[in-house]
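[1] Mind looking at a prediction? Sequence and model below.
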Protein chains: 2
Amino acid sequence: EIVRQVIRFLAPAATILAGKKVLVTAGGTREPIDPVRYIGNRSSGKMGYALAVKAAQMAAKVVLIAGPTSLPDPPGVCVKKVETAAQMRQAVLAEYDDSDLVIKAAAVADYRPQLASPQKIKKSEEQLTLTLEKNPDILRELGAKKTHQFLVGFAAETENLLEYATEKLQKKNLDMLVANDVTLPGAGFNADTNIVKLLYRDGHREELPQMTKIELAEKILAKICEHISK
Amino acid sequence: EIVRQVIRFLAPAATILAGKKVLVTAGGTREPIDPVRYIGNRSSGKMGYALAVKAAQMAAKVVLIAGPTSLPDPPGVCVKKVETAAQMRQAVLAEYDDSDLVIKAAAVADYRPQLASPQKIKKSEEQLTLTLEKNPDILRELGAKKTHQFLVGFAAETENLLEYATEKLQKKNLDMLVANDVTLPGAGFNADTNIVKLLYRDGHREELPQMTKIELAEKILAKICEHISK
């Protein structure tokens, strides 16, 4: 124990992730309505990509599963592109078992059109009704299957942030949750900065000031390393 | 008339657009479901941007009205960004009257959610029903208001291409229509190449081979110049 404590004292937090497998998801998903139209969301992928880049710099083996974004593949990261929530689920489950740290920064669609039309829907009708059905909850599934993984989720809300976030952390069996109110200026989708609160399994909370998504990625990884080494 | 014919013979087609105002639309639109989710479409904006670039190279005054894309603003072009079909309509109408050539390459959403929720919709329900209502038909409005403008539309279809395209050309009072079957490999959304048919007001049709969107932009503008100078 003394040796471990000394090593922890001497080793910078950064080295804790060296050689570990880190699975990061990023971006939004697209749920087809027809071959041309889809339901999308405003995730730019920037937060997830920043986390992947920083984890790779900390010598982790990083797998990034990303929905459609316009961001270039980060160097040193294994990138797998997906489009729908169903594809995201498959890709994530395939990488989960031997991952040490899993950060789900992607904004996966909660609903998809019940039927995707095989042909482009013509605009003949004045009104159209679209029936949406729930997508599987990937994060909840990961929480339920968790063995040794440190599991981190994100919550983007427009109201009742802490209430929803606390519920999400518990229900999905997460170790940490990064919560942000996307209505704040300087926070959320497509912005280069973010303002978040960190919630932990033990009930502990931290509020972080506005910072760039790159700075935040570093901060989040440092906090994760602290908790993993406890 | 002889002088005009000689000038036409001597002047490269390119000079016909010099100093003319060319209005190009590009990209898709996003119709909000709530602050986070939207209905989008797969237009990358590449075709419209290529047309704007080439028209600017032909010394036209180019205004490009673009939905969300990841493309950089082309040099020498006045770019106005919009998000929804309603914003696209306003921006296009504001530039229409003094335009000489109008090319509507954007994929404007035909339908929008009847009500956009002011807060993020929670995933409590197993099913959600989304009622969509028709957006105004911008191209039809431009056709109806046309005075001196040469008006070019695009049709992206997944079936019955020529039938739908011919109907669109007539109903919307277009001078030219660029029709593509987006299901063909090497054609349509997000591809760098396209395979199109050109339809003209007088019933004339041309089939073009597969070419890059940049080459196609040049070809389309050359064809437009031929028709304008007739």
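    Nice, thanks for sending it over. Numbering: from 1, shown residues only, chains lettered A, B, ... in the order given.
[2] going forward, measure contacts between C-alpha atoms and count neighbours the same way
    Noted.
[3] Now stretch A:205-215 - C-alpha only, PDB.
    The C-alpha coordinates for stretch A:205-215 follow below in PDB (Å, rounded to 0.1, in the frame of the first residue of the first chain):
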ATOM      1  CA  ARG A 205     -20.600  17.300  -7.300                       C
ATOM      2  CA  GLU A 206     -18.300  19.800  -8.900                       C
ATOM      3  CA  GLU A 207     -19.100  22.900 -10.900                       C
ATOM      4  CA  LEU A 208     -16.500  23.900 -13.500                       C
ATOM      5  CA  PRO A 209     -16.200  27.400 -15.000                       C
ATOM      6  CA  GLN A 210     -16.500  28.000 -18.700                       C
ATOM      7  CA  MET A 211     -13.600  26.600 -20.600                       C
ATOM      8  CA  THR A 212     -12.800  25.400 -24.200                       C
ATOM      9  CA  LYS A 213     -13.800  21.800 -25.000                       C
ATOM     10  CA  ILE A 214     -10.100  20.900 -25.300                       C
ATOM     11  CA  GLU A 215      -9.400  22.300 -21.800                       C
END
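[4] What lies in contact with that stretch?
    A:46-47, A:50-51, A:54, A:186-187, A:192-199 (Cα atoms under 8 Å, 6 or more residues apart in numbering or on different chains).
[5] where's that stretch relative to the chain centroid, distance-wise?
    Centroid displacement of stretch A:205-215 relative to its chain, using Cα atoms, centre = their mean, to the nearest Å, is 16 Å.
[6] returning to that earlier point: which member of the contacts of stretch A:205-215 is positioned nearest residue A:93?
    Set against residue A:93, the nearest of these by Cα to Cα is residue A:51 (19.5 Å).
[7] Restricted to helices, list the contacts of stretch A:205-215.
    A:46-47, A:50-51, A:54 (DSSP state H).
[8] quick one: average pLDDT of the top helix by length along chain A?
    With secondary structure taken from DSSP H, chain A has its longest helix at helix A:213-228. Per-residue pLDDT over helix A:213-228 has a mean of 95.
[9] before we move on, the earlier item: quick check: which of the ones in helices among the contacts of stretch A:205-215 are also close to chain B?
    When Cα under 8 Å from any Cα of the partner chain is applied, no member of the ones in helices among the contacts of stretch A:205-215 is adjacent to chain B.
[10] any chance of those in TSV, plus pLDDT?
    Conversion of the ones in helices among the contacts of stretch A:205-215 to TSV gives the following (pLDDT from 0 to 100):
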residue	pLDDT
A:46	94
A:47	95
A:50	97
A:51	97
A:54	96
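[11] Show me which of those is closest to residue A:218.
    residue A:54 (6.3 Å).
[12] neighbours of residue A:189, just the number please.
    22 (other Cα atoms under 10 Å in any protein chain shown).
[13] Is it in contact with residue A:44, as I believe?
    Yes - assessed by Cα atoms under 8 Å, residue A:189 is found in contact with residue A:44 at 6.1 Å.
[14] list the residues that contact both of the two?
    The contact sets of residue A:189 and residue A:44 do not overlap (Cα under 8 Å, 6+ apart).
[15] just to revisit the earlier point, any idea which of the ones in helices among the contacts of stretch A:205-215 is closest to chain B?
    residue A:46 (13.4 Å; Cα to the nearest Cα).
[16] Could you report the neighbour count for the closest one?
    The number of residues near residue A:46, taken as other Cα under 10 Å, comes to 25.
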